[in-house]
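> quick one: sequence and predicted model below, then my questions.
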Amino acid sequence: FAGAAVCLRAMPSASVIVVALIYSLGAHGIMTLNDFKSIEGDRQMGLGSLPARLGPDRACRLACITMGGAQAAIVVLLLVWRMPIHACIVVALLAAQLALMVRLLEDPRGRAPWYNATGTTLYVLGMLVTAFALAP
C-alpha cells in the first residue's frame, strides 16, 4: 500500500487496497510460522502466540489455511478483474506452496524455518505477480 501510494503520489485504487488487505491477512500465517522458534519461551513468559496456545500442529494448519485462503481470494479477484494470466501464475505458485505445506505439516516445528525459506518465497512472488497485474 505504501509503495503504491509513493509511486502514484496519490491514494491507491480500491483494488490495490483490497489486495493489500488480503495479502496482509495471509501474512498472518507467515508470522505464525515465525513464532515456532520460541514456543517454550512464549509459554514460560506467558505470551499467547498461536503456536504456544494451539500447539505446533494446530497452529501450522491455521497458518496454511490463512496463507492459502488469502491467495485463493486473490485468484478469484484477478479472474473477476479479467486478468486470467496473472491468476494462473498465482494458482501455479499456490499449487507449489500446497505441495510444500504437505511436507511442512508432517513436522511443523522442524520444518517451519524450511517453509519460511521456500513457501514464503512463493507467497511473495504471488504478491509480485499481483502487483504487476494491478500496475497502471
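Thanks, I have the structure now.

> going by C-alpha atoms from here, please, whenever you check contacts or count neighbours.
Noted.

> pLDDT-wise, which helix or strand of this protein ranks last?
helix 2-8 (a mean of 63; mean pLDDT, DSSP states H and E).

> where's L100 relative to P56, distance?
17 Å (C-alpha to C-alpha, to the nearest Å).

> who has more neighbours out of those two?
The neighbour comparison of L100 against P56 (other C-alpha atoms under 10 Å) goes to P56, with 23 against 16.

> that one touches R109, doesn't it?
Yes: P56 sits in contact with R109 when judged by C-alpha atoms under 8 Å, with a separation of 6.1 Å.

> need the residues touching each of those two.
F36 (C-alpha atoms under 8 Å, 6 or more residues apart in numbering).

> and P108, what does it touch?
So, once contact is read as C-alpha under 8 Å, 6+ apart, P108 ends up touching P56, D57, C60.

> longest single helix anywhere in the protein?
Longest helix in the chain by number of residues (criterion: DSSP state H): helix 108-134.

> name the residues of that one that are buried.
Residues 108-109, 111-113, 115-116, 119-120, 122-123, 126-127, 129-131, 133-134 are the ones in helix 108-134 that count as buried (16 or more other C-alpha atoms under 10 Å).

> what sits against the spatially closest residue to Y23 that is not a sequence neighbour?
Of all residues not flanking Y23 in the chain, A70 sits nearest, at 6.1 Å (C-alpha to C-alpha, 6 or more residues apart in numbering). Contact partners of A70, counting by C-alpha under 8 Å, 6+ apart, are I22, Y23, L25, G26.

> tally of neighbours for the first one?
The one in question is I22. The number of residues near I22, taken as other C-alpha under 10 Å, comes to 19.

> one more: the one 3 residues further on?
L25 sits with 16 neighbouring residues when counted by other C-alpha under 10 Å.
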